[in-house]
Structure formats: C-alpha cells, structure tokens
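Q: please work out how this folds:
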Amino acid sequence: MTLQFILGKASDNHFKKVVDNLQTGIKQEPADQYFYVVPNNVKFESELNTLKQLNVDDNSTYAQNQVQIFSFSRLIWYFMHSHPDYQLPQLSQTAINMIIYQIIEDNEENLTIYRGEGKQAGFIQQVSDQISELQQGNVSPDDLDHMANLEANVINPELRSKLHDISLIYREFLQQTDGQYIYNAATFEMLNQYLLELPEAEISKMHFYFSNFEKFSAQELQIIQTLIQRAHVVMDLNLDHKYDQEMPNETDFFYQSGKLYHYLYQYARKNSQVLTDQYAGPRELTPGLKQLEDYWIASNEVGTPIPAVKSQNANVHVTETNTSFDELMQVAIKIRQLVANGNYRYSDFLVVARHLDQYENIIDPIFSMQQLPYFTDIQKHMDDHPLVELLDALFSIYRPNRAQNYRYDDVMGLLKSELLIPRNAKGKFMSIKKYRHYLALCENLVLKNGYQGKRWLQQEDWLYAAALDTETGIVVDKNKKISAEINQIRHFVKDTLPPFYRRINKAKTGRAAAKILYQFLVQNGVPDQLKNWQSQATEAGNLQEAGQAEQVWNQFCQLLDDYVTVLGDHEFVMDDFLDLLKAGFVGASYSQIPSTLDQVTISETGRIHLNDKKITFVIGADDNNIPAKVDNNSLFNDADRDQMDVNLEDDQYLVDTSETMMLGEPYEDYLTFLNPDNELYFSYNLGGDGADTIHQISPYVKRIQDYFGIKTEKFSGRPTAEEVNISQYVGSDRTSLKYLIQAALASKKNKQPLNSAWGTVKQQLEQHSDRQIRDLTKNLLGSLDYQNSPKKLRPEIISGLYGNDIVTSISKLEEFYTDPYEYFLKYGLKLRERDEFEISPANTGQFYHEALDRIVKEINKQQLQLPDLTDQDIHELVTEITSKMIEADVNYQYEILKSSQRMCYITSQLVATVNQMALTMRNQAQHVNMRPKKTEVAFGPGQKYAPLHFDLNDKGQQVNVQGRIDRIDEMKVDDIDYLGIVDYKSGNRDINLSEVYDGTSMQMMTYLDAVLQNITSLSDSEQAELAGALYLHIFDPILKPGEVKNWNEPKQIERELLKKHKYNGLLVSDKTMLKKMGNGDVNAIYPFDFKNNGDLKVTSKVITRDNLQLMLQHTERLIQNAARRIFAGDIQLAPAKYEKQSLIQYSPYKAIMQFDPMLRENNYREIQKLTDQQIWDLLRKEAGEKNE
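A: Here you go, the predicted model:
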C-alpha cells in the first residue's frame, strides 16, 4: 500500500505533526482503523497526550475511539490474543532460562568453549540474551552453522567454537519450544504471519504511525515491511533531510535514522507506494536551545561550518558541586523554586543521568525533604526483596551433607526477613514490635555464645545469662523473663524448619519440591505477611511500595509455575532450584505506574523521552558519563560481530559494536539536550563523597560552555554568613532551616554578622504557622550554643543509679579517674558493646587465671612441693587441668575454643603458655623462698575477706571496694610472715607511681591495702608484714640466638627464660626480707639486686614501709574522693592523658562522648609525670595536712 515519512530535527514538533495526520486521516476515512505505535517506556505518556490533543482539537470522543496507542508488545496482543497459536502456554524469561539451563546440562559433553560454564553466575542469562538477539535479528541456527563452516581466514577458531555451541543450544531450544510454547521473540513471527494472511479488504483499511523510534530489530522491521506492503504506514523520524538515493556515512550525525529511512524507502519503492515526505513544524523553543542545536549538529558533522555565536546563551546552564548529594539538592531546590513562582508544574521537569544508580540512594531523601512528587521510570529489580532473602536463607540453613548447619548469618537472614513470624495459641501473628525485641535479645545471646548447628534444635532452653546468681544458684527473675522471650524465637525455629527440611530433602522431582515449598510458605503465613505490608503501605499513601508486595508474590508463584512446567518431572537438585529462583527474581522488575500525573520524571539519558518537558536537568555531566563508556558484555564480542556482520543477509543484523555505539553518542546526547522547550541545566560533582578520582566536567558540556561563554555556577552546599545571594539554599522549610543553621554556625565560628537575608529566613521559620517547624527551628538554633560538656546529675538520678552504697572494684574507680563520663556511661547507665563469640584478651586472660589458680590449688591439695616437680609432672598436671576446664565447661565460657580447627590450634597455644608458666613458677621456686599461699583470693561484701569500707558522710553514703587477688605469696623469716601479692598480666606491666598517685592505676596499692586489712585472717603468725606487689607476665617467650651463649647448657637457657619472666613491681625495702628471698640468681627473678657492699642497687624497685603506708593512705583518699564525686553527680568529660597518650584511645564509648580536643570545652586531664621524690614529698604534705 503506502509509506510516508515525517521528518524533522529534535527541535521540531513531531508529536503535533503525527496528531495532525491522525486527525486528517480520521476525517477523510472515518471507517478505517488507526494505530499509533511508540516505544514501550513512553506508551503511557503518549496515550495521555494523544487522546488529550485529539479531544482538544475535535472536542469529541469519536476521534479518540478511532485511535489505538500501542507498543509493539501490545500491538501483538491486540491482533493475536484470540488466535489459536497465541493460546499456547507462554514462557516467561525465567522459563526460557530454565529450558536453556536444562539444555546445557543435557548437552554438556557436546559443548566446546562453553563446557562447564553452565554453573557460572549469569551465564544462563547471557546465553538467553544472545539467543534472543539472534532471533530478533532473524539469524537462525542454520546461519550460525554456515558461518562456523567458513574458512579460517573468515571466521577465527574461537568464534567458530562459540558459533558451534550457541547453534547447538539455539537449535535445541527451538525444537523444544516450537508448537509447544510461545514467548516474546516467537510472537513477532506469529504477528508477521498473521498480517500476511489478513484479508486485503481488512488490512488495507489500517493506518500505522510509528514515532519516537531510532532503530528497529530485524523482526520489527519485518512486520513494518509487511505493513508497508499491505497497509498504510507513516514513519516519523528525527532526520534533517531524506536519504532516498544513498546510505548515510557512519560519521553522519543522523546516521541511524538516515540508514532506516534509506532502507525503508528502497523497500517501499519496490513493493509499495512512497508518498511525499512531510516535515514537522518547529517547536516553541527558547533561542538558546535552538542555538545549541545548530551548534551541536554542525560541530559533529565533518566539513560543516560552525555558526557564529549570535548572543550569549541564557537558556543553557552549568553547575559544579562538591558531592553528588549537593548536586541533586541544588536541582531539587531549583525545581521547588520554579514551581513556587507559579510558571511551572512538576510534570514540566525531567531529571536525567547517564547512570542513575550513582544517585539511587539519595533521590528519595532529597526529594522527600523538598516535598517534591517524583516518578523514576527506571525498572527496579526484585532481587533485594525480603521474600528473596527469605528463600535464600531458607535453602542455606540446612543441607544434609554439610558439616555445619543453622549458621548465624543464615538463620538471622531468615528471621530478619520478617516474613516468618511466630503465632500465638489463637493463630494470630506476634506483633512486629514484640518480635523485633525478642529477636534482638535472641541475636545478642547467639553472638555472645556462638550458638549454631544443634544448639538451635536442642531440647533444653537457652539461658540468658551464663553466670547464675552467686548467692542462690538460681537465675534471677529478669533473666527468667528474657530467657523465655529468647526461647520463643528458638522454639519457633526448632518447630518450624526441621519438618520442612525433612520433606524437601525427600522430594524426588521438581514438581514435588515446588509443592512442598509453596505449602510451607502459605502454612506459615508468608503471603499473609505480604498482604499486611501491602495494607500498611496503602494506608501510608505509598502506592508503589504497596504494589511491590503483591507483585513479588505473584512473581514467585509464576517462577514456581515455570519451574514445574519446564523441569517439574526432572530430578530435583536443590542448588539448581535455588539458583533458578534467584535468577528469576534478578530478571524480574516491578511494574511502575505514576501515582499522580503532576510529578517530576527522573530517568536515564539512554532511554526514549517525549519532548513534552519545559526544563531538563542533566546530572552527572562529567567525563565518566558524557559521552558514555560503552561496554559489550555479550557472548559475541565486537571482533566476533565484525566477522559475523559481513556474512549476514540484508534482512539480518546484530546489535551494533561498541565502536558504532560510541560514534552515535553525540546524537544520543543531542536528543537529551533538545528534550526541553525552555531551559537546559547541566550539573556535575567533583566526587567529594568518597570517589576514588576527581571528576572533570564532560568534554561535550565543556565544548558547549566554551562556545557560548557560559559561566559555571558553583554550589558549595555550605553557605557562609556573609553570602548575599542565598536563593540557592532556600527550598522547603526543613531545607532552608538546614542551611540557615550552617550559615549561623559559620557566623558564630568566624565571628561575622549573619547576612540580613538569612535574618529574614530565620524570622519566617520562627514565626511559621506549623508549630513543629517553629519548635524545630528553636531547638536547632539553640544547638549552636551547645557545648559538649555534660552537666552534673540531679540527686534523684544519682539515687536511682547508685543508691547510697557503691560496691565497686578498684578497676572501675581507676576508670572514673581515667574519664568520669565514661564511668557514668559504663557503670551508671550500664551501656556496653554487644558480646560476640570471639577470642579476646579477656577470654585468654580468664583461661590463664583459672588454669594457674587450679594448678596451685591442686599442688597444695596434694601437698606437693613445687620445686620438686619434674617437667613431666607439670605437663601431666597442666594437661589434666586444662582438659577439664574445656570439657566440663558448664557456663560455656570456653565454648569458642572447641568451635573450629583454628580455635583448636589456638587452644593448644594457650595450653602451651600455661605449661610454660607452670614450669616458670617451678623454676622460680627452686631459686626463691617465696611460695604461693593462696590464689584467686576474693575480698568484698559477703566474701571470706572483708572489703575496703569507707563511710563518706552523715547521709549514710558509703563505698565498699571488692576484688580478687590472683595470688598471695608467703615467706616466713624469724617468726615474721611476709605476704606479697602477684598479679598475672598478659602484657608487660609495671607500677607507675605517677599513675598510682593520680588514681588511674590504684589496683596494686588497693590489693596491698586489702591484704593489710585482712592480714590476721590471711596469716597464722603473730607478726605479719607486707612484702610488696608484683606483676608476672604470662606468655611463652622465644629466645633469640644471641641471648644464650651455649645452647647445650640447660642452666643457661633456664636462666634466660627466668629473666624473660622477671617480676615487675615494688618490694618493701626490708633488707632482712630481701636477703632471705632467694639465692644468688634472685636478681633474675625479682626486681632488685645488691651491691658488693650489701647496699641495694639504685635500679632496685623497692619502697620503704613508711612510704608504702603513705601511698596506701593516699589510695584510700582517692577511693573516697572518687565515691564522693560519683555521689555528687560528677560526670565531667575529662579523659586522662599521660605523656601524649590518651587513655581513652581505644574506648568503645568514643562515638557517644564525641570528645574533640579542638573544642574549647573539651580538654584532656594531663597526668603529671613526677619523680619518686616529688611523690613522697606530696604524700608527706598530704599526711601532715590531714593530721593538722
């Protein structure tokens, strides 16, 4: 019949010309049918605009009823929905993938280059996409075979192998689907055949208008050719002139549309009638956009002179920002302001980026802050929906042949999907608030104790606390309640999942497995939960989210149907089943329909857009995005395509190579540049939000900017106090307030007056009609005077936190002196990090302490002499004791040591260290007279030994210091019992008298004081004295080659090992005691030594009894002072610092404290570094003042 072209550049009004033609045709042939075909993504808008325009011009519904606005897929449905062939089962993309998956599995041995690739992530989809491309390009398996058999100089060996494998899969796919199913590519062939067979009297009365297409697939062209032969076709193209006689060059600006024109023109000239071309009239563009078009076309056409600049371009703008957030914020502010001025509607705006994923996480927060309605026309995939996470976790929790099941990540992934919720006895779901609380408690316990595997399925309930109440041995009521709440979650897992796994693991076929899975989800209320989500989203007005819940469940059901249809009778393989389900969700997208007509459209530049917008914002206009970097990720690379193209017929073709696509980039961007009628805004950010490289302006935009002399506007996102033009920061109430606060803060910091314009904004917000805005403004402006300095606690709070009796350890009071505020957070509010199942210094320290305690107790129990024990005796003793500790671990504190092979190795290292320490204690005992008397000596309220008790005032406030001394050593000399304390440390510690005096290291003095207070109970002698306080470093040392002169001398090795474990600390400078402490090697063990004349060396770490007494008294004053300050509500933020080392450097509370030494109110409390003599002088002065 006929073909007619409508031509025009992007600046022309193609839409009006098409509608005019429609109206004319309807008036001339009112009984005919009219079809307006457009790309699928603009179908909705095209339908609205077309019907609206027809109604405006004709003022009747008749013309509207005569016109059908379709995409290709809808056009196929329109003609074919009643055809018998169309009634065959329809294959979704997932079903196609399943068929291809099975074909690859069945033909694995026949494949060459792709053998073994079937299990690789994404490969099935790649094969499916490649077959789809071949079908759309009218390329058959026979064509591939023909190319594969060409000579080596035509087709290289690698491509030959690809062609062989793809042909095999492609052919098998056609054999399995022809006459059995229908799918997208097959429907094009069906429609073409239908149109060929349609009676001429009927099809000759049909008119088809194609618009907004730049290219067609071979299948689409085949349909268009049939229509040109048998119906009336109008083809609307973006093209400056006709190409009837010759093809355009690849470098021509309008190459793609020119090539299409030439191809269709030549076909119609031979098979139909070509009517005279029509040209679209100009759109009402602003002068700047028309100038931009003329320049852009000329600058990209070889040999075309570039027109002179007529005037400065006032309609094209360029903005630079530091971050993507600032970039999108300035766009949103501009849109809001333009709409507020009354000249624009939201639907007049288009925001586009080449790759929108760079902005996807900030679009909603920014547009919601600006209160802008928007619609993103980019498809959102379903693969991150909680239902997908649930399925992934469900099939990962338990596998029959796996060593470890019910792993933390898998179980929590399932539970946190919030689609499987426990029910009560009446069958109602637990409230989500309660469920989340119970799950959080459960997760804490799982992390703390490392529960996994059989722990989830055990009959005994989990206990919330590993340590029971020490008084009664019964769990306290609070722990009973929490334990019950935790076990509700555990019982839900134990009762719900194992029956499912028993059933699914017995499934023989895919059909049986699909049925079991579906029944499990339905019986456990998953679709009910999804319906609840849908209702909640609908009530909240979030229609897109409401639709997602229904769509994802429908997609799941469709996936199961496809699986049963294609693989239902095949053997069930769980891994393959899960992979196919996940791949199905990855390929599925939510259908999106705008919730309102008046909203900002956000899209990508590679998509077709109608020219119905007044203003376009091109964001991300940098050198990475414009021009875009085109990558070919298909199975046929660019070199393959070049070889294949020369062997294809005229009606066959593949997708263009990357090089050809890159040549078309100027044209693709041209369509974006000319989309608006009024203004075009470019913006780019420098990548200041964490990008690896600094972004540069797009070379395309730079060319435009240089040609027109457009200045770059810079949006810092950080207003200054003196800034005059503040319009770029004034948006919604909350946005304006955000920037007002920043400007006011700059004013305060720089001591500059706030600009009067900001004063106006401040006044408007303070007097806002919305009370929430007024209150928020008041609070945020008040925050400018905030100081990071905690205030004293009120008496009622102090009483609620501490009562009148502080029972504490000395380490806690040391923390008070380290930082009072951290003490408040940790012991007042009882904040702490979540316990996790991991080996830590605390774990290893506990292991060492308990092991050494048991060793000493066992030696004393058996009345053995430590110096007489052999290495074998010690090894057997250590092995027995540590084995009992780990195996008879009633509180699970050493459970981690049995959790993996790695932990078993670490356990062996811990045991080796304990063995070395036992040997060290034995070796020390052979040279010294001090002997371990007691270990793990507890003092405190309710203990055998009394606490350090201090009454603080007449209000009844008191402090009791409790603790546990690792070891008390004893030596008797001339009826005097000398008692010394030993503290085990994993690090190499020593007593720093400056820190002791300051209060940040009081432990050893406190323990000595506790021994002194309880000395009559600890010693059975009439006279007992303190010997000193020592640290023992617990580690397994390594001797270096130069440290031992003769490695064949065991005594030398032993002495060097003794020196490695030499005690640090302080001993009382009692010569009688010191001389009796050991033989000549005592200086290798204790931190003192004598000169030849009998005097102590100056390097000896000793203290006189008088000075020790002064230090003990000072420590008591420190304890009382700390307690009084705690009862006074002192929580000042004053972290201690010693020799440039902050003592809160590794504090887990730093994020809460927000301590910043740059703030005037935040200062370290410097610990003075004092000489010993300075300390004794200060202590004597204190004692004198007290006595006075």
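Q: which stretches of the protein have low pLDDT?
A: Along the chain, segments meeting pLDDT under 70 span 56-64, 310-311, 465-478, 593-595, 688-692, 889-892, 1080, 1186-1188.
Q: ok, Glu320 touching Ser683?
A: Yes. Using C-beta atoms under 8 Å, Glu320 makes contact with Ser683 at a distance of 7.4 Å. Just so you know, the C-beta spots here come from the backbone N, C-alpha and C atoms, and that holds for glycine as well.
Q: the two - which one has more neighbours?
A: The residue with more neighbours, out of Glu320 and Ser683, is Ser683; 29 against 21, by other C-beta atoms under 10 Å.
Q: enumerate every residue touching the more buried one.
A: Residues counted as contacts of Ser683 (C-beta atoms under 8 Å, 6 or more residues apart in numbering) are 318-321, 327, 330-331, 617-621.
Q: look up phi and psi at it.
A: Dihedral pair for Ser683: phi -150, psi 150, per degrees, to the nearest 10.
Q: distance of it from Val618?
A: 7 Å (C-beta to C-beta, to the nearest Å).
Q: likewise Gly845?
A: Separation of Gly845 from Val618 (C-beta to C-beta) stands at 61 Å.
Q: look at those two and report which has more neighbours.
A: Per other C-beta under 10 Å, whichever of Gly845 and Val618 has more neighbours is Val618, with 27 against 15.
Q: can you list the residues that contact the helix or strand that one falls within?
A: Val618 belongs to strand 613-619 when elements are defined using DSSP states H and E. When contacts are defined by C-beta under 8 Å, 6+ apart, strand 613-619 is touched by residues 327-328, 331, 334-335, 338, 344, 348-353, 359, 601, 605, 626, 672-673, 675-684.
Q: what's Phe682 sitting at in phi/psi?
A: The phi/psi pair for Phe682 (degrees, to the nearest 10) reads phi -100, psi 140.
Q: hang on, it packs against Thr319?
A: Yes. Here Phe682 reaches Thr319: they are 7.1 Å apart, a contact under C-beta under 8 Å.
Q: neighbour-wise, which of these two wins?
A: Each of Phe682 and Thr319 has its neighbours counted (other C-beta under 10 Å); Phe682 has more, 27 against 22.
Q: quick one: stretch 1028-1045 to chain centroid distance?
A: Relative to the centre of its chain, stretch 1028-1045 is centred 45 Å away, using C-alpha atoms, centre = their mean, to the nearest Å.
Q: what's in contact with that stretch?
A: Contact with stretch 1028-1045 is made by 848, 852, 909, 912-913, 916-917, 980-991, 1004-1005, 1007-1008, 1052-1053, 1056-1057, 1060-1061, 1063-1068, 1086-1087, 1102-1103, as judged by C-beta under 8 Å, 6+ apart.
Q: next helix or strand past the top strand by length along the chain?
A: Counting residues, the longest strand in the chain under DSSP state E turns out to be strand 958-973. Following strand 958-973 in sequence order, the next helix or strand is strand 976-985 (DSSP H and E).
Q: what distance do you get for the residue nearest the centre of the chain to Ser324?
A: What sits nearest the mean C-alpha location of the chain, by C-alpha atoms, centre = their mean, is Asn361, with 11.4 Å. Asn361 sits at a distance of 9 Å from Ser324 (criterion: C-beta to C-beta).
Q: same question, Ser1017
A: 71 Å.
Q: next: Met80.
A: The gap separating Met80 from Ser324 is 46 Å, by C-beta to C-beta.
Q: who has more neighbours, these two?
A: Ser324 (25 against 18).
Q: so what's the closest residue in space to the more buried one that isn't next to it in sequence bridging to?
A: Excluding its sequence neighbours, the residue lying closest to Ser324 (C-beta to C-beta, 6 or more residues apart in numbering) is Asn685, at 5.0 Å. With DSSP bridges applied, Asn685 shows beta-bridge pairing to Thr321.
Q: my guess is Asn685 contacts Ala621, does it?
A: No. Judged on C-beta under 8 Å, Asn685 makes no contact with Ala621 at a distance of 9.6 Å.
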